[in-house]
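# Below are the sequence and a predicted model for it; my questions follow.
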Amino acid sequence: MTDFKTQSAGYLANHMARLFEKGLYRRIEPLGLAPAQFMTLLVLWDQDGITQQTLRLHLDVEQATMANTLKRMERDGLITRRAHKSDKRARLVYLTDKAREMRDGALSAAKAQNKIALGSLSASERAQLVSLMQRVIGQMKTPNAS
């Protein structure tokens, strides 16, 4: 069974993701952020004022997970939710000034985590790894992959 763990892309990707998350958490926790909040902020920093459904699709998370994350972010003063002008069922998610001000510090923390995690790779290896990960993610997002 050990060979499976050392050769399984899924096992290794999951393990690597958990280690990245732990390292990221240590770096963003002083800012008052959790990894799920950081991922949500990454989307909102690029596209403020979108629906919860749009956020959920960007992040590939379940509706309940997204709802819980947004509830915590609203409680922590990172977002506000406002009614959608044309869709009475939808609410738009907006960043607060507090969340906008966290951007540089949070991105620096994430870059530091990436630098440590990928420190043993050359620049070309890092670029290749990221490219391969993007391709695998794209493949798994196709309708027949899940």
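Sure thing, it's come through.
# When you work out contacts or count neighbours from here on, use the C-alpha atoms and nothing else.
Noted.
# what about residue 110, how many residues close to it?
Residue 110 has 21 neighbours, counted by other CA atoms under 10 Å.
# let's have the chain start at 751 instead
Understood, numbering begins at 751; the last thing we discussed is residue 860.
# Wait, a strand at it?
No - Residue 860 sits outside any strand when classified using DSSP: H, G, I helix; E, B strand; the rest coil, being helix.
# Give me the spatial nearest neighbour of the residue nearest the centre of the chain, chain neighbours excluded.
Geometric centre of the chain, nearest residue: residue 789, 2.6 Å, by CA atoms, centre = their mean. Spatial nearest neighbour of residue 789, excluding adjacent residues (CA to CA, 6 or more residues apart in numbering): residue 809 at 7.5 Å.
# Also residue 829?
In space, not counting the residues next to it along the chain, residue 829 is nearest to residue 845; the distance is 4.5 Å by CA to CA, 6+ apart.
# Look up how far residue 808 lies from that neighbour.
To residue 808, residue 845 is 16 Å away according to CA to CA, to the nearest Å.
# Of the two, which one has the most company?
For residue 845 versus residue 808, neighbours defined as other CA under 10 Å are more numerous around residue 845 (21 against 12).
# what residues are up against the more buried one?
794, 795, 798, 799, 828, 829, 830 (CA atoms under 8 Å, 6 or more residues apart in numbering).
# list the helices and strands the least confident helix or strand in the chain by mean pLDDT packs on?
Using mean pLDDT, DSSP states H and E, helix 752-757 stands out as the lowest-scoring helix or strand of the chain, at a mean of 79. Applying 3 or more CA pairs under 8 Å, 6 or more residues apart in numbering; DSSP states H and E, we find helix 752-757 packed against helix 759-778.
# Contacts made by the helix it packs on with the rest, please.
For helix 759-778, contacts defined as CA under 8 Å, 6+ apart pick out 755, 756, 783, 784, 785, 856, 859, 860, 863, 864, 867.
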